[in-house]
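Asker: My questions concern the predicted model and sequence given below.
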Amino acid sequence: MHELSLMEGVMDIAKQAADENEIKKITKIHLKVGIMTMAYPDAMQAAFETLSSNHDLFSDAVLQIEEVSLQASCRSCDESFAPDNYQFVCPFCSSPDVQINGGQELFIDFIDGRKE
Ligand SMILES: [Zn+2]
């Protein structure tokens, strides 16, 4: 259950971004969540609803969560692939020397808001 602390971090960043851009009401937060973060979108939504309920800034805000799938590339043959079942072996040349390029991130893609 780390979604609550993750959401607190997200909302801190959103608050800061709103301050910097003179946004009075956030209407949308678009979040990208890599599947490797093991954060459950449903739990993130629930955490967001709990945390946003007593904030005026977030009272009209909608949380959109985009899941980012796992992406890897092979250092031996340079092919890119989506690993299955966390098998980090290249399907093209069977090399175990693979690099993870996506699926580990959690960040705010963009925020929409109003300045009134
Ligand atoms: Zn390979």
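Answerer: That came in fine, so what should we check first?
Asker: Show me which residues of the protein are close to the ion?
Answerer: Within the chain, the positions lying close to the ion (CB under 5 Å from the ion) are 74, 76-77, 90, 92-93, 95. (Glycine included, C-beta is placed from N, CA and C.)
Asker: how about 8 Å then?
Answerer: 74-79, 90-95, 97-98 (CB under 8 Å from the ion).
Asker: Could you dump the residues you listed into TSV with neighbour count and secondary structure added?
Answerer: Listed next are these as TSV, based on neighbours: other CB atoms under 10 Å; DSSP: H, G, I helix; E, B strand; the rest coil:
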residue	neighbour count	secondary structure
Cys74	21	strand
Arg75	11	coil
Ser76	13	coil
Cys77	12	coil
Asp78	10	coil
Glu79	14	coil
Cys90	22	coil
Pro91	15	coil
Phe92	13	coil
Cys93	12	coil
Ser94	10	coil
Ser95	14	coil
Asp97	12	coil
Val98	20	strand
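Asker: Check the contact between Asn101 and Ser73; I expect there is one.
Answerer: Yes - the pair Asn101 and Ser73 qualifies as a contact (CB atoms under 8 Å) at a distance of 5.8 Å.
Asker: any chance you could map the helices in this protein?
Answerer: With helices called from DSSP state H, the chain shows them at 3-20, 41-52.
Asker: JSON lines for the ones you listed, including mean neighbour count and mean pLDDT?
Answerer: Output for the helices of the chain, formatted as JSON lines (neighbours: other CB atoms under 10 Å; pLDDT from 0 to 100):
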{"stretch": "helix 3-20", "mean neighbour count": "16", "mean pLDDT": "94"}
{"stretch": "helix 41-52", "mean neighbour count": "16", "mean pLDDT": "94"}
